[in-house]
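A.B. asks: generate a structure from the sequence data that follows.
(6 chains)
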There are 6 protein chains.
Amino acid sequence: MRVVTMGEMMIRFMPKNNLRFEQATEFEAYYGGDESIVAVSLAKFGLDARYVTKLPVNPLGQTAVNKLREQGVDTSYIVRGGERMGLNFYENGASVRASNVVYDRKYSAISAAEPDEFDFDGIFGDADWFHVAGITPAISPEAAVLVEAAMKAAKKHGVTVSVDLNYRSKLWSPEEAQAVMIPLMQYVDVCIGNEEDAEKVLGFKPANTDITKGELDIEAYKEVFVQLKEKFGFKYIGSTLRESYSASDNGWSALIYDGNEFYRSKKYDIHLVDRGGGGASFAAGMIYGLLNKMSLADTCEFATAASALKQTITGDFNLATLDEVKRLAGGDASGRVQR
Amino acid sequence: MRVVTMGEMMIRFMPKNNLRFEQATEFEAYYGGDESIVAVSLAKFGLDARYVTKLPVNPLGQTAVNKLREQGVDTSYIVRGGERMGLNFYENGASVRASNVVYDRKYSAISAAEPDEFDFDGIFGDADWFHVAGITPAISPEAAVLVEAAMKAAKKHGVTVSVDLNYRSKLWSPEEAQAVMIPLMQYVDVCIGNEEDAEKVLGFKPANTDITKGELDIEAYKEVFVQLKEKFGFKYIGSTLRESYSASDNGWSALIYDGNEFYRSKKYDIHLVDRGGGGASFAAGMIYGLLNKMSLADTCEFATAASALKQTITGDFNLATLDEVKRLAGGDASGRVQR
Amino acid sequence: MRVVTMGEMMIRFMPKNNLRFEQATEFEAYYGGDESIVAVSLAKFGLDARYVTKLPVNPLGQTAVNKLREQGVDTSYIVRGGERMGLNFYENGASVRASNVVYDRKYSAISAAEPDEFDFDGIFGDADWFHVAGITPAISPEAAVLVEAAMKAAKKHGVTVSVDLNYRSKLWSPEEAQAVMIPLMQYVDVCIGNEEDAEKVLGFKPANTDITKGELDIEAYKEVFVQLKEKFGFKYIGSTLRESYSASDNGWSALIYDGNEFYRSKKYDIHLVDRGGGGASFAAGMIYGLLNKMSLADTCEFATAASALKQTITGDFNLATLDEVKRLAGGDASGRVQR
Amino acid sequence: MRVVTMGEMMIRFMPKNNLRFEQATEFEAYYGGDESIVAVSLAKFGLDARYVTKLPVNPLGQTAVNKLREQGVDTSYIVRGGERMGLNFYENGASVRASNVVYDRKYSAISAAEPDEFDFDGIFGDADWFHVAGITPAISPEAAVLVEAAMKAAKKHGVTVSVDLNYRSKLWSPEEAQAVMIPLMQYVDVCIGNEEDAEKVLGFKPANTDITKGELDIEAYKEVFVQLKEKFGFKYIGSTLRESYSASDNGWSALIYDGNEFYRSKKYDIHLVDRGGGGASFAAGMIYGLLNKMSLADTCEFATAASALKQTITGDFNLATLDEVKRLAGGDASGRVQR
Amino acid sequence: MRVVTMGEMMIRFMPKNNLRFEQATEFEAYYGGDESIVAVSLAKFGLDARYVTKLPVNPLGQTAVNKLREQGVDTSYIVRGGERMGLNFYENGASVRASNVVYDRKYSAISAAEPDEFDFDGIFGDADWFHVAGITPAISPEAAVLVEAAMKAAKKHGVTVSVDLNYRSKLWSPEEAQAVMIPLMQYVDVCIGNEEDAEKVLGFKPANTDITKGELDIEAYKEVFVQLKEKFGFKYIGSTLRESYSASDNGWSALIYDGNEFYRSKKYDIHLVDRGGGGASFAAGMIYGLLNKMSLADTCEFATAASALKQTITGDFNLATLDEVKRLAGGDASGRVQR
Amino acid sequence: MRVVTMGEMMIRFMPKNNLRFEQATEFEAYYGGDESIVAVSLAKFGLDARYVTKLPVNPLGQTAVNKLREQGVDTSYIVRGGERMGLNFYENGASVRASNVVYDRKYSAISAAEPDEFDFDGIFGDADWFHVAGITPAISPEAAVLVEAAMKAAKKHGVTVSVDLNYRSKLWSPEEAQAVMIPLMQYVDVCIGNEEDAEKVLGFKPANTDITKGELDIEAYKEVFVQLKEKFGFKYIGSTLRESYSASDNGWSALIYDGNEFYRSKKYDIHLVDRGGGGASFAAGMIYGLLNKMSLADTCEFATAASALKQTITGDFNLATLDEVKRLAGGDASGRVQR
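C.D. replies: Model (predicted):
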């Protein structure tokens, strides 16, 4: 089974030792970006994963390729050229202090790429699934065009399409998002998102839920899922349910709907190591479960466990193994050492 | 609005990676000291802040000046000379293991400084507020004389005076503290302290409160505040209320009294990054609130939020911005990332 | 009072900054091993502690000696020679992600050592107590022979013998363990173990206790203790009671039985810094208490506090001082700084 | 004496521990940029130094301000706004391996700034000297316009103008450079440059000098200086003379001409710690010497010593003190410790 | 063009910050081993490179695979299983202090592997060149058998065979080496070695050369090369010529012989960053040159430059790019930055 | 053979990564001090070494004891008590930039210790040699009294006495030094010193030697040695001969005189890792040679090699082994790895 993902790969610069930006004399650097995380997760789980993007011809661009190869991702369709890598500067919060992001991703290679730079027939000819996040069309009008071209090509080759809505307020407004994203939904089979996305990206608001209060109204979520299903005809809809107790501790669970039943996973209380990539790891887990024809419940527990594990791992990529995900999904969250 | 603070600046040497002293091959070094933290906080919030001390003529003394300038503090009245910097060696505790401090601050430049080394007319001529902590008169008899001279000069220029009682058992006994501090109270408008200080420094004990049990008797606090008001005529009295669950996790709130009403802030459960500077950051927040004519409640919430944030930041200085303090005081403690 | 311990000293390589094995470009290295931890703890508490092992003639073997000398342990009976140091690679878990150990201790010097390489008369001639863990006979058949020879020699010199059962599933099966360990019990006065050991090593299962659920059935433990006492005639039996909430947070208490009464210590909720050496530190605390004729309750609280403190300290050795252990056992777990 | 400098401040990200880009998981971050280095050097030497630029309204922009304030530079005329900080990624070479730079400075705040954003009357009203490098007009056409406006304003206020030609092949071609720079020379009193600049920026080639061979033809330099003097009427011309033996070791000396005499400094063989900022530190030294009316020889030795010291200091800024520069210029290059 | 290499991959643990073993609390970890370095170099230069070994089924073995994939090496014929990774502990010397190696590579997976575990037809079916070092047959009798089987299989598929003699005195004696290696020479087309190897491995001693004196007798080398050619019929013979001035600084050049002419490269004086992998990088360079039909001189200069660059790069792998090697081989050793 | 040394143990705080003081956020900490280095060297070489000092009762004082025990030094006569540890802040120079020391050693425990705190009969009763450096009497008048008492006690027990003159201009003037040191010379058998000491401490100036020029006039040294011998009757006189090419590279050799002949060692050109402890390591080597009845030449070469090796090792202690010193003294300075 081969999964293709496409998007922007960024370097995340994070002050070392959890310092504030102004204290930092050293930055940890992580290569990531939503769809690359999905590709790495799936390669780690044993699927064939292909990642498509455009990266500049410089050592940073090459390192991005290397990081993907290291994890066994197929990088042969990555286009090289363009101006620069997208960057983001990330200050890790702690306890009552929120994390802080300075985006510096404008003018990146992929944001200016054009559809005909990519060999979509090669890319999708032997593929089973295509996944993209809502961040990618948000980075530029050119990128929105590119995503649509990719979705069309995927559909032409009979490839299942999933999207992770992933609203980014620093990239676009709800109005802009909806103008681009709603038309794309016709190509989408599986829709994934967290709590803000349905509202900002597709205009559906879960009623009565105020995430800053750490309260979740599952019934409202379900209502929105039913409406999404009706309007866009998605086969599966999934959402992670993050409860932000503080910058250090979060509750984490998920809800999946197959148009028929709902399944809500068990909830993990996670002491966060690095919350980045939680959503993308859930997407990867859900794709893995669906491609492997797991039950709705197993898919949801697998995806939730995978994404919970990610948040205990430093960096963007989910380096949890298939065995570890299965062990956690199976119920052992005691963290005991095997000696 | 210009605030002057005066005291001792120290270097804190802390074993890296939370190691014990005997394991440490590397020490993190932080420049701080109670009143310098207040000055930095206020400069960060946008006030004019001037810090007065004496520092040796060597690269460590110069670095102390640089660290203040970096934060926009006016260092032009700092006197240079004397024998050495005050130092403290700080072993950070964790969970059930307490932190451990080895003071090495004797013979410091400021501890031997004399009043006529300082241009008090220049220092206070354009100032609105003067703040000093009870640590400073504790470091030496000369320093106690210096503090009194400064308070008198401040009063001569019509400057509001605040004091943070801040008892240090490694510097003096309750008897010594009271002999020095009680006579100074005549110059003080605003009195700040934590739970032990009123007792050790001024001889007023909050009844029935045993801090090692993590229990707080707010009524006893209030009683003491009323007595302090009666005896010394303070305009405002404030106290932080630390509940030490462990070396890693503390409850944090505060109580302020204006001679009329009491206001107790909301309580934060903080996973501590660096508890140093919590009290001084509260003092800075309270000064900021009062200078900006915030209500009693807003002042208390602002000061509590500011000092809660400090304890999530490495080092002595409170690097929280005005916006961050306001956001937390306004109720968002979810630690969510803004992306 | 002189305590002898004997076993294997290993280097533990742990990815720095809590990274996964595959992310690690740097490893922290800790010298340890169960019985060496006991020796170091006791030396730290002020007893004469002698550690016996065999170490290769290379700089790593010499460093192991140095680390013991640093803590005041008598290393004069350590034999030098053999092929290699035992190693273990340890990936520290976090929250829902379990820690991961790769043992690489086969062919170590001590695993191939023979009894006549050791001067047991010198070793035990002036000793009061001998302690060994169940890990040591597990590392090789030769080591099992060596442990028996040592126990016999200890008994010949009238030395009290304690054993920490410490089952290691990566070293042997329950069947193998029981075949070796049960015959050794005739030499043992004090038997220490955690929740799995009685079952795997001696064949006694605490009923109804499923440690992955974080539930403890104290009554079942007591039943097993009574049976052990009956079968092997131990003078004291002790067990730590770990409750694994996650890889980051554990409950920790202990139960001691003197054939007459049971005492269960207070329970600590520990935010783990390094859980390694918790069991060995309990053993050291129990030996200290018994040698100093503390009451059953005081011994149990002392040993539990000592081992709780260990888990807040990086590395294998318990660097807590006698004062710190007594302070915590005495009830102050607030983690407050003394300034 | 007050010196104004203007230009772009960048963050330099350098792989830690001298690793290659692809090996780097951590980057050291240095704030710098040619003219800011000059300002810091001069502030360090005790002059009033003012730095003018435009920086984005984010924590990185604020940190740039802080780093300047730390060194006592006047930042009150820095404009805040614009898109981003200029960045450069710098891989430090070693021995036969050359250093490698990836510029990512396009679209920076200062590159898009317009003259009327700056209060040139305030900036130059109380100034004695204005310094700018040829890098600044190279970053964008807007910046070239800005530099010309600044030079004109400086001249209007009777301020001496110096320029460091500093050709950057990654920013513009010789043709582009000459089109912009030659017309600016009418405002310039003091012209500084290294060995390539006269040729690329002003079209004057030192004959017979092949820097890759580590050979210097001083006579050719002198010839070019005479021609520059004739054509542009500079009062002083200075050039550093770098001999690149390898990426780790360089020869370093300088030549100054006052239209009358030449002076060549002694030559230092430097084991490089960080060669960045060598040229700017020479400029600062030359400005310091001329403003303090040192002789031609003393100016040249002072500037050469200052810039030699810089190259033994990590980071962009020259943190050498006036005393250290004078001691080295005075002849003690033995590196002995004073104890 | 596809090159196959086969051997043992090890983890090198090196005390951080150039400390001695006994000082080290942290170790840097590098994955390497002679033939893997050759494979990585060639992949970096753009050839298809396949590496064959056996690695244990644990996270360390998987990481070894990942490190190769990261560099684009084909790992699909690596066999998984066996007991452990080979390790070596490496203390980096400095100046007059020599480096120090503690091997811990016995019982490694590849040392116990058998020929029929490898699919030699798949491995060599599409290959042009096979390279192995003399270290590999030295690690165990089984490995010697494996190397012979591989050489025979390579020859069967018409693949060119090169060997790097690489004598290791800690693995075998000259007598053992010669007994194994001389019979293997019948399969070898290209023989590479440094100054000790011809003597220890094949019994040919370069006369009058005492490497501890840093003197080289090129005539003696040539004489030995002629004899080797005569006895074994090699098509090409190459040797690096290391002159050890100290542990920090070495001279580095090479000599190649095609049975007809000799070519000696230019000599580099290298300030060593990490001398590990110098010899293997020369082998890779020589293979690259010969496969690309470079002249004898160009091959020798290319290989020498490649291996000189390696010694300025941390870790085992030669991360120099084709461009960098060509630039250095072309004569620019000035280490200047391109900006 | 048992050697006693006595003096002050200090912690040296050195900015990490060779940064300047003002850049340092982390400091490396090394425990050392002249006579403790001698004791550690001798213990390392296999002699019984006893170190005598006074250290405060706090974790820093205890760590000093531990560091000595780690190396096998007898610490049983160390007195505990007093105010503080001596400290020094050390900024490591590089190339043309000199190192910089800020002493903060006043008021240390040993500086205020009195003779009757020490059990001199126990200390010297079983000793063969007593060594002290001229730094110790320099730290305070009390310490000068203590050194005299120790020398007298040593003589009473027939112990050979050596002194390393070691002038420290930051501790006393030549006049003060001579007033204290000349009377002590009556107890001294072996006098060691470097190039400045004879002049500053004993008033004998080697003619025509200007160390800042890196020139040595051996004849002048010899003349001074002859005069010292005549005046004080020393049995042996030794001096290291440091040639400071830069802060990074030094020449290093030594001259020894037995009243009869002179021997000058070979000269090492050392790329310095840490020059601290070079002189003390020479003293240790000379004591070792004399105690082992090596010839004058062998003693001088051994001591020179030992002290050359020290300067390639980080920290104060000379961690070179006896084998390493002998190998270097025997002529192999090539720094080659043994594999």
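A.B. asks: okay, now the closest residue to chain E within the stretch 101-250 of chain A: neighbour count?
C.D. replies: Nearest residue of the stretch 101-250 of chain A to chain E: residue A:126, at 18.0 Å (CB to the nearest CB). Placement of C-beta: from N, CA and C, glycine included. The local packing of residue A:126 (other CB atoms under 10 Å in any protein chain shown) involves 12 other residues.
A.B. asks: for residue A:323, same thing?
C.D. replies: 8.
A.B. asks: also the one 10 residues further on?
C.D. replies: When neighbours are defined as other CB under 10 Å, residue A:333 has 25 of them.
A.B. asks: measure the nearest residue to it once chain neighbours are set aside to residue A:194 for me?
C.D. replies: Among residues not flanking residue A:333 along the chain, residue C:96 sits closest, at 4.8 Å (CB to CB, 6 or more residues apart in numbering or on different chains). The gap separating residue C:96 from residue A:194 is 19 Å, by CB to CB, to the nearest Å.
A.B. asks: same check, this time on residue A:85
C.D. replies: Applying CB to CB to residue A:85 and residue A:194 gives a distance of 26 Å.
A.B. asks: returning to what we had before: neighbour count: residue C:96 and residue A:194, which is higher?
C.D. replies: Comparing residue C:96 with residue A:194 by other CB under 10 Å, the one with more neighbours is residue C:96, at 25 against 20.
A.B. asks: mind listing the helices for the stretch 201-339 of chain A?
C.D. replies: For the stretch 201-339 of chain A, applying DSSP state H, counting those that start in this stretch gives helices covering A:218-232, A:278-291, A:296-310, A:322-329.
A.B. asks: the stretch 51-200 of chain A too?
C.D. replies: Under DSSP H, counting those that start in this stretch, the stretch 51-200 of chain A gives helices at A:59-70, A:120-125, A:135-138, A:141-156, A:174-184, A:197-202.
A.B. asks: among those, which is nearest chain C?
C.D. replies: helix A:59-70 (8.4 Å).
A.B. asks: which residues outside that closest one are in contact with it?
C.D. replies: A:9, A:11, A:31, A:36, A:39-40, A:51, A:55, A:75, A:78, A:80, A:85, A:109, A:317, D:20-22, D:89, D:91, D:100, D:102, E:66-67, E:69-72 (CB atoms under 8 Å, 6 or more residues apart in numbering or on different chains).
A.B. asks: how far off centre is it?
C.D. replies: Centroid separation for helix A:59-70 versus its chain: 19 Å, with CA atoms, centre = their mean, to the nearest Å.
A.B. asks: for stretch A:246-254, same thing?
C.D. replies: 17 Å.
A.B. asks: buried ones in it?
C.D. replies: A:246, A:247, A:248, A:249, A:250, A:252, A:253, A:254 (16 or more other CB atoms under 10 Å in any protein chain shown).
A.B. asks: intersect these with the contacts of chain B.
C.D. replies: A:246, A:247, A:248, A:249 (CB under 8 Å from any CB of the partner chain).
A.B. asks: narrow those to those in strands?
C.D. replies: residue A:249 (DSSP state E).
A.B. asks: hmm, residue A:204 is touching residue A:198, no?
C.D. replies: Yes - at 4.3 Å, residue A:204 and residue A:198 qualify as touching, with contact defined as CB atoms under 8 Å.
A.B. asks: the more surrounded of those two?
C.D. replies: Neighbours were tallied for residue A:204 and for residue A:198 using other CB under 10 Å; the higher tally belongs to residue A:198 (23 against 17).
A.B. asks: what's near enough to touch that one?
C.D. replies: A:165, A:204, A:205, A:206, A:224, A:228, A:239.
A.B. asks: phi, psi of the residue of the stretch 101-250 of chain A closest to chain E?
C.D. replies: phi -110, psi 20 (degrees, to the nearest 10).
A.B. asks: who's in contact with it?
C.D. replies: Counted by CB under 8 Å, 6+ apart, residue A:126 has contacts residue A:2.
A.B. asks: go on, residue A:178?
C.D. replies: Here residue A:178 is in contact with A:201, A:202, A:203 (CB under 8 Å, 6+ apart).
A.B. asks: what count of nearby residues applies to whatever residue of the stretch 201-339 of chain A ends up closest to chain C?
C.D. replies: In the stretch 201-339 of chain A, the residue that lies nearest chain C is residue A:335 (2.7 Å; CB to the nearest CB). Other residues near residue A:335 come to 24 when the count uses other CB under 10 Å.
A.B. asks: likewise residue A:330?
C.D. replies: Residue A:330 has 11 nearby residues by other CB under 10 Å.
A.B. asks: distance of it from chain E?
C.D. replies: 20 Å (CB to the nearest CB, to the nearest Å).
A.B. asks: please report how far that residue lies from residue D:168.
C.D. replies: 59 Å.
A.B. asks: give the contact list for the residue nearest to the spatial centre of chain A.
C.D. replies: Geometric centre of chain A, nearest residue: residue A:280, 2.5 Å, by CA atoms, centre = their mean. Neighbour list for residue A:280: A:34, A:35, A:37, A:38, A:41, A:133, A:164, A:318 [criterion: CB under 8 Å, 6+ apart].
A.B. asks: so what's it closest to, chain neighbours aside?
C.D. replies: residue A:37 (3.8 Å).
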